[in-house]
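In: dropping a prediction and its sequence here:
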Amino acid sequence: MARIGFIGLGNMGLPMAQNLIKAGHDVTGFDVSRPNVEKLAAAGGKAAENANAVASGAEIVVTMLPAGQHVREVYLGADGKSGLAASAAKGTLLIDSSTIDVETARAVAVAVEKKGLLMVDAPVSGGVGGAQGATLTFMVGGSDAAFERAKPVLEKMGKTIVHAGGAGNGQAAKICNNMILGISMIAVSEAFVLAEKLGLDAQKLFDISSKSSGQCWSMTSYCPVPGPVPTSPANRDYQAGFTAAMMLKDLRLAQDAAKSAGAKTPLGADAERIYSRYAESGEAGRDFSGIIRMVRG
């Protein structure tokens with residue numbers, strides 16, 4: 001049993017922390033939303049009054065935060081000299097499962113490691129359902145030593161744990177993966193809308209494409225039309241498993257990374273513009289697969 005601090009108890013963080021409790025770990029948590037902290041306490045965890053208090057006595061600290069600026073502030077403080085890096089004991093393992101920009105992930109890792117701490121960036125794929133079922137995929141960046149220490153903890157929250165390389169590579173893997181996902185969901189949506197206009201039944205297209213060269217995850221696991229995949233959000237009026245706003249965030253991170261790396265990603269740029277229009281139309285909280293409704297017009 002490890003003493004684990006957990007900061008960020010939202011839709012993803014709370015069930016992840018609860019799974020650590022179920023696995024027998026001693027979990028202390030903090031969130032800016034007090035009701036979320038109370039939910040953790042009700043599940044057998046302990047409540048902390050602030051982020052730095054989470055690190056007190058913790059062997060491992062996990063964070064699940066909205067953006068790079070929040071990660072930087074929590075770990076380094078607003079002044080760059082405080083935060084968890086200053087309050088955590090030497091040898092503490094820090095696991096950041098937020099989805100943020102690669103540059104921030106690498107800068108924070110360098111700063112905390114200078115303080116004698118170990119750190120991995122470990123963003124996730126799998127959505128709220130994966131967090132609840134402990135079936136997440138973790139894409140992990142960091143040293144071999146940090147990864148080996150983090151892996152047993154991550155295995156209590158996820159099913160697939162992949163070491164992607166050095167610091168920041170977990171974030172790189174996440175944004176590349178989700179750029180593929182955003183592009184492919186638009187492509188699948190366009191194909192189904194075209195099929196409708198040509199008089200081809202959606203189920204027939206699915207039966208053919210899901211077994212042919214058009215097969216992809218957006219088709220077979222998350223089909224954007226009702227019927228072919230009963231578990232897809234299309235059958236629940238696109239109630240979000242992964243919101244359009246979250247997809248847009250990841251596509252923007254991918255575009256920022258592409259610019260800084262000098263990479264050309266025209267399809268990624270188009271996907272970012274399409275999801276931006278979709279979110280701005282009032283659908284930011286809808287599932288990202290609902291993009292088919294905008295494609296349909």
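Out: Nice, I can see it. Numbering: from 1, shown residues only.

In: all contacts plus neighbour counts: C-alpha atoms, from now on.
Out: OK.

In: what residues does the strand or helix carrying residue 140 touch?
Out: Using DSSP states H and E, residue 140 maps to strand 136-141. Residues outside strand 136-141 that contact it (C-alpha atoms under 8 Å, 6 or more residues apart in numbering): 120-127, 130, 147, 154, 157-171, 173-174.

In: now find how far off-centre that strand is within its chain.
Out: 9 Å (C-alpha atoms, centre = their mean, to the nearest Å).

In: what residue of this protein is the furthest out?
Out: Relative to the centre of the chain, the most outlying C-alpha is that of residue 199, 37.8 Å out, by C-alpha atoms, centre = their mean.

In: please name the nearest non-neighbouring residue to residue 255.
Out: Distance criterion C-alpha to C-alpha, 6 or more residues apart in numbering; nearest residue to residue 255, sequence neighbours excluded, is residue 269 at 6.6 Å.

In: now do residue 81, the pLDDT please.
Out: Looking at residue 81, its pLDDT is 78.

In: just the mean pLDDT for the strand holding residue 140, thanks.
Out: For strand 136-141, the mean pLDDT works out to 98.

In: which SSE is immediately downstream of it?
Out: Sequence order places helix 144-154 as the next helix or strand after strand 136-141, per DSSP H and E.

In: how about the CA coordinates for that following helix, as PDB?
Out: Output of helix 144-154 as PDB, limited to C-alpha atoms (Å, rounded to 0.1, in the frame of the first residue of the first chain):
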ATOM      1  CA  ASP A 144      13.100   4.400 -17.200                       C
ATOM      2  CA  ALA A 145      13.400   4.600 -13.400                       C
ATOM      3  CA  ALA A 146      10.400   6.900 -13.100                       C
ATOM      4  CA  PHE A 147       8.300   4.700 -15.400                       C
ATOM      5  CA  GLU A 148       9.100   1.500 -13.600                       C
ATOM      6  CA  ARG A 149       8.000   3.100 -10.300                       C
ATOM      7  CA  ALA A 150       4.900   4.600 -11.800                       C
ATOM      8  CA  LYS A 151       3.700   1.500 -13.700                       C
ATOM      9  CA  PRO A 152       2.200  -0.500 -10.700                       C
ATOM     10  CA  VAL A 153       0.200   2.600  -9.800                       C
ATOM     11  CA  LEU A 154      -1.000   3.200 -13.300                       C
END
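
In: brilliant, that's me finished.
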